[in-house]
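Student: What follows is a predicted protein model with its sequence.
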Amino acid sequence: MRFSDAARPELGDPAARRGRRRAAAEARGRRADAVGGFPGWEALREAGAAIRERTLRELGTHLETLEAAVEEEGGHVHWARDAAEARRIIDSLLPDDVPAALLRSDVTDEIGLDGAEPGPHSKAAVVGAGFLVAETGTLVVAQRGDGLSFPGTLVAVAGIEDVVPGWTDLEVLLQLVSRAGAGVPMRPAISTRTGDFALVLLDNGRTTVLADPDGRAALRCVHCSACSDVCPVFQRTGPRPYGPGRAGPIGAVLTPQVRGVEAPLGASLPFASTLCGACADVCPVKIDIPAMLVHLRGRVVDARRGRPVPPPEMLLMRGLAWSMGDERRYEHTLVRRARWARLLARDGRIRRLPGLFGKWTDARDLPAPPRQSFRAWWRRRR
């Protein structure tokens, strides 16, 4: 389903929109307080971006180090190519007669896991990892301070990009996530566990993203949600229209790369943005999301060129290109279309265009064209 179609019910709920707007304003205020009083914030962002970029360049090495460290400490590592394989592996690792709790994350949402949060009544749990420290094989959960210490079966699931080389790198990233996301200098509770857990590492298209020099920076994401809090589109639609996995601006660039730009959702997400640039300004690891959105829009257009029947907007652009390629054709088209447009106008406004053009006027009016074009006026003036 296209983003615009999925967003329509959310746009029709004014109470939910007001709630999201208030929550985003509060989150922005907390972030401004946490960042404004910290003079080294920009230097910390630079350090975080460098750590994430260096980790992605050497990802294969760090994943091998992580696997060896987890196994050495008594844990087990499983590799999943896609969401379906990840679910099968997780099911095989959990006891049949024990209900498993779930500590959710972007990755558990991505693969479609559901369940209650871990508690003292829990004997088995699946947790979404915040980070994985390669040098010691340690699982880190920064979202909450419980769920990793119970005596039961623990299965952790993470994207392959969630690895960090060492504890010094983790220290930098945790400060960034806390200030940018939660609006606090450091979260009061961070859980870690080394050994005695099963780790499922998910690819699900990430290696494809890694191979794209123009899109790989999306994998720097540290799951802070700062970009969503400043996004005018997300505040109106909420997370649901973005599909499984990441929501907000980072989802708009990561999901099309992971799932492809041929499907309706992947083709529409790069256009679910005003390109205002606020997401890049607040990203703690300096992901240039607007530039990536433009890059992906180009990929969507290129993918559409090979279709047997061009989409309506491409036919429109071709028609405009033909009309504007010759001065006489352009003037003739301008006069004719202006005449038809004036017939549709009421009180100087066009409130409804026919056919596919009607999607433009679903949310806005158009001014009626003037009776005299600028070119005609200029010729008479001369």
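Tutor: Nice, I can see it. None of these values were measured; they are calculated from a predicted model. Residues are numbered from 1 along each chain as shown.

Student: right, and residue 268 touches residue 3 too?
Tutor: Yes: with contact defined as C-beta atoms under 8 Å, residue 268 reaches residue 3; the gap is 4.2 Å. To be clear about C-beta, it is placed using only N, CA and C from the backbone, and glycine gets the same treatment.

Student: Comparing the two, which shows the higher neighbour count?
Tutor: Taking neighbours as other C-beta atoms under 10 Å, residue 268 and residue 3 compare with residue 3 leading, 24 against 21.

Student: Tell me which strands the helix or strand residue 193 falls within pairs with, and in which orientation.
Tutor: Under the criterion of DSSP states H and E, residue 193 resides in strand 191-194. Sheet pairing for strand 191-194, assigned by DSSP bridges, gives strand 138-141 (antiparallel).

Student: which intervals of this structure have sub-threshold pLDDT?
Tutor: Filtered on pLDDT under 70, the chain yields the residue ranges 116-120, 122, 143-151, 187-188, 306-307, 310-313, 356, 363.

Student: Next one: the nearest residue to residue 256 once chain neighbours are set aside from residue 303, what distance?
Tutor: Spatial nearest neighbour of residue 256, chain neighbours left out: residue 266 (4.1 Å); criterion: C-beta to C-beta, 6 or more residues apart in numbering. Per C-beta to C-beta, to the nearest Å, residue 266 is found 9 Å from residue 303.

Student: So these two - more neighbours on which side?
Tutor: More crowded of residue 266 and residue 303, by other C-beta under 10 Å: residue 266, with 22 against 14.

Student: Am I right that the more buried one is in contact with residue 254?
Tutor: No: contact criterion C-beta under 8 Å: residue 266 and residue 254 do not qualify, at 10.4 Å.

Student: Is residue 74 in contact with residue 194, as I believe?
Tutor: No: applying C-beta under 8 Å, one finds residue 74 not in contact with residue 194, separated by 9.0 Å.

Student: Compare these two (neighbour count), which wins?
Tutor: Taking other C-beta under 10 Å, residue 74 and residue 194 do not tie; residue 194 has more neighbours (17 against 11).

Student: list the contacts for residue 128?
Tutor: Residues near residue 128 by C-beta atoms under 8 Å, 6 or more residues apart in numbering: 103, 104, 105, 106, 107, 108, 141, 156, 157, 158.

Student: out of everything not next to it in sequence, what's closest to it?
Tutor: In space, residue 128 is closest to residue 105, 2.3 Å off (C-beta to C-beta, 6+ apart).

Student: what about the helices in the stretch 201-350 of the chain?
Tutor: Ranges of helices within the stretch 201-350 of the chain are 206-210, 226-230, 232-237, 248-259, 264-268, 278-282, 289-305, 312-324, 327-344, based on DSSP state H, counting those that start in this stretch.

Student: can you list contacts of the second one?
Tutor: Contacts made with helix 226-230 from outside it, assessed by C-beta under 8 Å, 6+ apart, are listed as 24, 27-28, 31, 180-181, 234, 239, 247-250, 278-279, 281-284, 289.
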